[in-house]
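Chemist: Fold the following.
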Amino acid sequence: MTNGDSLLPNEQTMIKVRLDVDYPYPSRTKSFLFLALGIKRKSRNYLKNSKIIARMINESPKQIMACWFFTPYTIPDKELLTLLIPERHNVGLHVAIDPYREWKILENETQRTVEYYTIHGTSRVIAQLLWGRKIGQKKAKIPSDFPLKSFHDFNTYSLDAGRYKFGLESMKIKSEKLIKENVVLEIHPEWLFSKGTINPRGPYYDILKHLLDVDHDLETLQIKKKLSIKIAHDFQEYEKNIIPSQAYLEKLVERNIDIFTFMERKWCCPISNPPSNWIKAEDNVGLLQIKDYAAWWNSVGKKTRNMVRRAEKNGINATIVEPDEKLAEDISKIYNETPIRQDRAFSHYHEPLAAVIGNVTGARKSTFIAGFLHETLVGFIQIVYGDNVAVIAQILSMQKHWDKAVNNALLAKAVEVCASNGNHWIMYGRIGNHPSLDRFKESNGFVKFPIARYYVPLTRKGRIAMGLGLQRDFKDALPQAIKYPLIPFLNWASRSKIRLKLRFAKN
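Modeler: Prediction:
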């Protein structure tokens, strides 16, 4: 590449990225220690985030050119150099102190021709000392005869700072506009998964994944922290068959996940010969097997059939509806009727209307059944269609109309719809944590179907946590004989917490 135009073609469809690789490790503490001691030896997790980004760029179906700028402490190792294919990556110099010496080192160790440079800068005194500069020297001086071209001449925008400032959705719109305007998106690998406090940057993995159109297998991944342990699961695990491949697990390790958990859908996809390090725990789902609506109707008890008839007599009409904004607005009214349902805090209470609209109109592979009293929505049920199963995702009705058996009418209609669609298995959550809800499920033909939940340790921290039994939720680890007597107390604690929260919000 001999000039700026060839390095970054003036193509509006091309994503252009500048990467300033300031620090060698995802941990800033470890990076600062290596800088302070002058250590350039490569150890575990060296340039880990850079390697993740390079793989994402290589997997992207988009047109992209990435320009990497390395300091003397971030010289790419063999693994990263293999990923930096010339068709998509260019190696440049991120000047720390001595431009000529650092240029020579970079070319010798990478065996790549370097044509462009950027300048590492910092206004913080401690960082200046770490980089070997004088106090007050924010950045290195570039001699007037320095032969490399300055990359600072390109119009750039800091994507990691923008992600911090504007959030994901706003940055999606903004960054796509910047790409069309031929602007170079600037990122620092250290903020890929981390959020800066002193430096207001990141985490920008989500926006980068969106722009590059990659990592779709991670889109439904949900992560929670327990102490310092990161435990991940696929939030669509009830709907699809999950048997994690080694490549998938390695990707989770790259993203600092300690434990991955998933359920075995034993009724359709039993797992044979799982690896010995997968820890198996007993779990269950509420499952209903149906042949047709008439068979279901005859299988449930007289009391359940009478409840469905009561709903009809009370004027409840259960029918399939379109998932539009009007439905979302009506559902929002149901959400906001009460902060407490089933004797505990209700998570959707006061959920922003925009979020409800997004969830309803953006629902995929779903059917919404609405329960109307005259023209007013008084309840709804959402069915999500997965592999070999239909899942009751939500079923909710107005408390002031519970005497009209709205939920019974909705569930009966759901069975009718699933039967007509050829869905022979319907899942309705788990059985064992909500006594009143459990009774409702069982009265409608759902049984406690035993399954296995697997836990896969991905890191040393994950293995230690699993050795201590920390992978399971407290309520799931308790024997049923102990858990059921505790449920009233747990419900009281949940109600008290939401009431205190609402009281303080009013004040």
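Chemist: so where do the helices sit in the stretch 151-300 of the chain?
Modeler: 159-166, 168-180, 205-212, 246-254, 293-299 (DSSP state H, counting those that start in this stretch).
Chemist: give me the low-pLDDT residue ranges for the stretch 1-150 of the chain?
Modeler: 1-6, 10-12 (pLDDT under 70).
Chemist: what ranges do the strands span in it?
Modeler: Using DSSP state E, counting those that start in this stretch, the strands of the stretch 1-150 of the chain run over 15-21, 64-70, 89-95, 116-119, 149-150.
Chemist: closest one to E254 among those strands?
Modeler: Closest approach to E254 among the strands of the stretch 1-150 of the chain is made by strand 15-21 (16.7 Å; Cβ to Cβ). Placement of C-beta: from N, CA and C, glycine included.
Chemist: Show me what the closest one is in contact with.
Modeler: Under the contact criterion Cβ atoms under 8 Å, 6 or more residues apart in numbering, strand 15-21 has outside partners 8, 47, 50, 53, 57, 60, 62-71, 74, 94, 118, 120, 151, 154, 156, 179, 182-189, 211-212.
Chemist: Let me know whether S443 touches K302 as I believe.
Modeler: No - with contact defined as Cβ atoms under 8 Å, S443 does not reach K302; the gap is 10.6 Å.
Chemist: more neighbours, the two?
Modeler: S443 (15 against 7; other Cβ atoms under 10 Å).
Chemist: Drop anything exposed from the contacts of strand 15-21.
Modeler: Applying 16 or more other Cβ atoms under 10 Å to the contacts of strand 15-21, the neighbour count classes 8, 47, 50, 53, 57, 60, 64-71, 74, 94, 118, 120, 151, 154, 156, 179, 184-189, 211-212 as buried.
Chemist: okay, K501: pLDDT?
Modeler: K501 carries a pLDDT value of 78.
Chemist: follow-up on the earlier one: which stretch among the helices of the stretch 151-300 of the chain comes nearest I279?
Modeler: The nearest among these, by Cβ to Cβ, is helix 246-254 at 14.2 Å.
Chemist: Could you point out which residue ranges in the stretch 401-507 of the chain have low pLDDT?
Modeler: Ranges of the stretch 401-507 of the chain meeting pLDDT under 70: 474-480, 483-484, 507.
Chemist: Now do the strands in it.
Modeler: 425-427, 447-457.
Chemist: tell me the most buried of the ones you listed?
Modeler: strand 425-427 (a mean of 22; mean count of other Cβ atoms under 10 Å).
Chemist: partner strands of that strand, parallel or antiparallel?
Modeler: strand 279-289 (antiparallel), strand 389-397 (parallel) (DSSP bridges).
Chemist: Give me the angle between the longest one and strand 447-457.
Modeler: With axes from the mean of the first three to the mean of the last three Cα atoms, to 10 degrees defining the directions, strand 279-289 sits at 150 degrees from strand 447-457.
Chemist: any idea of the mean pLDDT in strand 279-289?
Modeler: On average, strand 279-289 scores 92.
Chemist: I would like the residues contacting it, please.
Modeler: Contacts of strand 279-289 (Cβ under 8 Å, 6+ apart): 238, 263, 267, 274, 296, 415, 424-432, 438, 441, 444-457, 466, 471-472, 476.
Chemist: try 7 Å
Modeler: Contacts with strand 279-289, where a contact means Cβ atoms under 7 Å, 6 or more residues apart in numbering, come from 263, 267, 424-432, 441, 445-455, 466, 472.
Chemist: quick revisit: how about the helices of the stretch 151-300 of the chain, which one is nearest W278?
Modeler: Of those, the one closest to W278 (Cβ to Cβ) turns out to be helix 246-254, at 10.4 Å.
Chemist: Please identify the buried residues of the closest one?
Modeler: L249, K251, L252.
Chemist: From D217, how far off is the second one?
Modeler: It refers to K251. For K251, the distance to D217 (Cβ to Cβ, to the nearest Å) stands at 8 Å.
Chemist: and if you look at the last one?
Modeler: In this view, L252 and D217 are 10 Å apart by Cβ to Cβ.
Chemist: now swap in A345 and tell me
Modeler: In terms of Cβ to Cβ, A345 sits 33 Å off from D217.
Chemist: Y164 too?
Modeler: From Y164 to D217 the distance is 26 Å (Cβ to Cβ).
Chemist: Of the strands of the stretch 401-507 of the chain, which is nearest I316?
Modeler: strand 425-427 (20.5 Å).
Chemist: contacts for that closest one?
Modeler: 238, 267, 285-290, 388-392, 415, 418.
Chemist: Start and end of stretch 269-288, how far apart?
Modeler: 17 Å (Cα to Cα, to the nearest Å).
Chemist: so N491 makes contact with R341?
Modeler: No - shown here, N491 and R341 do not form a contact pair, counting by Cβ atoms under 7 Å, at 10.6 Å.
Chemist: for the strands of the stretch 1-150 of the chain, which one sits closest to L373?
Modeler: Taking the strands of the stretch 1-150 of the chain one by one with Cβ to Cβ, strand 15-21 is closest: 52.2 Å.
Chemist: got the angle for the closest one vs strand 89-95?
Modeler: 40 degrees.
Chemist: Paired strands for strand 15-21, with orientation please.
Modeler: Counting by DSSP bridges, strand 15-21 is paired with strand 64-70 (parallel), strand 184-187 (parallel).
Chemist: Turn these into a markdown table, including distance to T110.
Modeler: Converted to a markdown table, the strands paired with strand 15-21 look like this (distance: least, Cβ to Cβ, whole Å):
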| stretch | distance to T110 |
| --- | --- |
| strand 64-70 | 8 |
| strand 184-187 | 20 |
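Chemist: S397: which of those is closest?
Modeler: strand 184-187 (47.5 Å).
Chemist: Let me see the residues that make contact with that closest one.
Modeler: With Cβ under 7 Å, 6+ apart as the criterion, strand 184-187 contacts 8, 16-20, 154-160, 175, 178, 204.
Chemist: With stretch 113-121 instead?
Modeler: 1, 7, 20, 22, 67, 69, 71, 91-96, 99, 103, 106-107, 138-140, 142, 148-152.
Chemist: hang on, the earlier thing: so which one among the buried residues of helix 246-254 has the lowest pLDDT?
Modeler: K251 (91).
Chemist: In contact with that one: list those residues for me.
Modeler: L218.
Chemist: Please report the distance of it from K240.
Modeler: Applying Cβ to Cβ to K251 and K240 gives a distance of 17 Å.
Chemist: Over to A409?
Modeler: 29 Å.
Chemist: again, but for P488
Modeler: 36 Å.
Chemist: ok, now I426?
Modeler: Taken as Cβ to Cβ, the span from I426 to K240 is 16 Å.
Chemist: can you check G371 too?
Modeler: The value you get for G371 to K240, if Cβ to Cβ is used, is 29 Å.
Chemist: more neighbours, these two?
Modeler: Using other Cβ under 10 Å, the more surrounded residue of G371 and K240 is G371, with 29 against 14.
Chemist: tell me the phi and psi of that one?
Modeler: Main-chain dihedrals, G371, degrees, to the nearest 10: phi -100, psi 110.
Chemist: Look up the residues forming beta bridges with it.
Modeler: Beta-bridge partners of G371, as defined by DSSP bridges: A318, G379.
Chemist: Tell me if I'm right that it and L411 touch.
Modeler: No - if you go by Cβ under 7 Å, G371 and L411 don't touch, sitting 10.2 Å apart.
Chemist: which residues does F380 contact?
Modeler: I331, F368, I369, A370, G371, L396.
Chemist: picking up where we left off before, separate out the buried members of the contacts of strand 425-427.
Modeler: 238, 267, 285-288, 290, 389-392, 415, 418.
Chemist: quick check, nearest of the residues you listed to K40?
Modeler: Using Cβ to Cβ, the buried ones among the contacts of strand 425-427 come closest to K40 at Y238, 49.2 Å.
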